[in-house]
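Trainee: Sequence and predicted structure, then a few things I'm wondering about:
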Amino acid sequence: MKAAIPFPDISSEVFSFTVFGFEIALRWYALSYIAGILIGWRLVVMAINRPHLWKDNVAPMTVKQVEDLATWVILGVILGGRLGFVLFYQPMYYLQNPAEILLIWQGGMSFHGGLLGVIVACITYSKVQGIRWLTVADILCAVTPVGLLLGRIANFINAELWGRPTDLPWGVIFPGAAAQDCAGIAVGICARHPSQLYEAALEGLILGAILLYLVFRRGLLKRVGAATGIFFAGYGIGRFIVEFVRQPDAQFVSPGNPLGLAWHVNGYGLTMGQILCIPMVAMGLITLVLAYRRHARASAPG
């Protein structure tokens with residue numbers, strides 16, 4: 001290891017105190033969820049209050065409907081994220097221990113599962129309210145990178161979901177026996193890719209900046225489905241790239257598969273994260289093309 005960055009001395013808790021023998025704590029990860037939802041909600045309200053941003057200069061829903069939708073989205077994130085982790089990553093374990101599926105506080109959430117949960121919540125709520133679901137999906141997709149940015153930073157603070165060992169100068173020495181278990185790869189202290197920050201930059205900062213600029217400055221919402229397409233394709237591409245340096249899921253690692261590939265032939269293949277990203281990118285590109293075709297037909301004279 002040529003150079004490395006020591007992990008900063010940051011507690012996983014923002015604050016904690018004891019009341020009647022019970023410890024109450026606010027953790028950075030929980031704060032990232034709360035802040036992401038609140039900021040996303042305010043951005044959606046900003047868009048709703050600007051009818052000129054939408055197709056035909058008419059916002060698809062009211063501010064009150066946005067508040068109700070937030071509850072559906074929260075449920076979709078939690079239920080979808082947990083069930084996605086159970087089904088995509090450790091189905092056999094939870095089949096044998098079904099009671100642990102409900103123990104969300106012990107960890108184990110899947111972004112792809114959470115996304116599916118939000119999609120179901122979005123479609124269901126839109127049907128109930130008589131709103132075109134794709135217009136709702138557009139604004140939700142436009143603000144989601146804010147939550148991704150904060151969530152990935154919280155992952156870094158929690159010293160979790162770190163990347164593979166590296167000797168690059170920006171490698172981080174994460175604490176804990178698991179992070180320092182680099183036998184056969186690194187001698188002495190092991191530094192790893194800060195893959196959480198890579199994802200924060202690609203999925204959060206860059207993708208979010210592009211979407212918010214296009215929504216509030218370039219009229220992207222007038223092209224129904226375009227923001228959804230850009231988000232799906234952008235997230236899928238960013239996550240696919242980071243998976244090359246992200247530490248593999250332990251359940252996929254074996255002596256004959258040290259890279260933790262979920263599908264492989266002769267040592268070459270894809271991680272579970274990459275497999276789940278491929279349909280995302282395809283769906284995003286198709287949705288984006290269809291959005292611009294619909295817009296072009298609607299704008300054509302005669």
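Mentor: Structure's in. What do you need? Numbers count the residues shown, from 1 in each chain.

Trainee: need the helices for the protein, in chain order.
Mentor: 28-48, 63-88, 91-96, 111-129, 133-157, 195-199, 207-217, 226-242, 272-299 (DSSP state H).

Trainee: Can you add distance to residue 263 and give those helices back as TSV?
Mentor: No exception for glycine: its C-beta is placed from N, CA and C like everyone else's. Below are the helices of the chain laid out as TSV (distance: least, Cβ to Cβ, whole Å):
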stretch	distance to residue 263
helix 28-48	30
helix 63-88	13
helix 91-96	16
helix 111-129	16
helix 133-157	25
helix 195-199	20
helix 207-217	26
helix 226-242	14
helix 272-299	6
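
Trainee: hey, least reliable of the ones you listed by pLDDT?
Mentor: Note on the helices of the chain: lowest mean pLDDT is at helix 91-96, with a mean of 82.

Trainee: Would you mark the buried spots in it?
Mentor: Buried residues in helix 91-96, counted by 16 or more other Cβ atoms under 10 Å: residue 94.

Trainee: Stretch 75-89 now?
Mentor: 76, 77, 79, 80, 81, 82, 83, 84, 85, 86, 88, 89.

Trainee: now do stretch 272-289
Mentor: 272, 273, 274, 275, 276, 277, 280, 281, 284, 285, 287, 288.

Trainee: does the third one really touch residue 240, like I thought?
Mentor: So the one you mean is residue 274. Yes - the criterion here is Cβ atoms under 8 Å, and residue 274 meets it with residue 240 at 5.2 Å.

Trainee: what's residue 225 sitting at in phi/psi?
Mentor: Here is the backbone geometry of residue 225 (degrees, to the nearest 10): phi 100, psi -20.

Trainee: What sits closest to it if chain neighbours are left out?
Mentor: residue 291 (3.5 Å; Cβ to Cβ, 6 or more residues apart in numbering).

Trainee: any idea how far residue 236 is from the one you found?
Mentor: 17 Å (Cβ to Cβ, to the nearest Å).

Trainee: picking that back up, compare the helices of the chain and give me the one nearest residue 257.
Mentor: For the helices of the chain, proximity to residue 257 was assessed by Cβ to Cβ; helix 272-299 is nearest, at 12.2 Å.

Trainee: circling back: in TSV: the buried residues of stretch 272-289, plus distance to residue 253.
Mentor: Formatted as TSV, these follow (distance: Cβ to Cβ, whole Å):
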residue	distance to residue 253
272	12
273	14
274	15
275	16
276	18
277	20
280	24
281	26
284	30
285	32
287	35
288	36
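
Trainee: And the residues you listed, which is closest to residue 260?
Mentor: residue 272 (8.4 Å).

Trainee: Which residue is the nearest non-sequential neighbour of the closest one?
Mentor: residue 262 (4.0 Å).

Trainee: Is it correct that that neighbour is in contact with residue 252?
Mentor: Yes - taking contacts as Cβ under 8 Å, residue 262 lies within contact range of residue 252: 5.5 Å.

Trainee: Nearest residue to residue 75 in space, please, no chain neighbours.
Mentor: Using Cβ to Cβ, 6+ apart, the closest residue to residue 75 is residue 121 (6.3 Å).

Trainee: hang on, isn't that neighbour packed against residue 71?
Mentor: No - assessed by Cβ under 8 Å, residue 121 is found out of contact with residue 71, at 9.0 Å.

Trainee: Compare those two and say which is more crowded by neighbours.
Mentor: residue 121 (22 against 11; other Cβ atoms under 10 Å).

Trainee: quick one: that one from residue 194, how far?
Mentor: In terms of Cβ to Cβ, residue 121 sits 32 Å off from residue 194.

Trainee: Could you count how many residues lie near residue 136?
Mentor: Count around residue 136 with other Cβ under 10 Å applied: 24.

Trainee: Just confirm residue 142 contacts residue 209, I think it does.
Mentor: No - counting by Cβ under 8 Å, residue 142 does not reach residue 209; the two are 11.1 Å apart.
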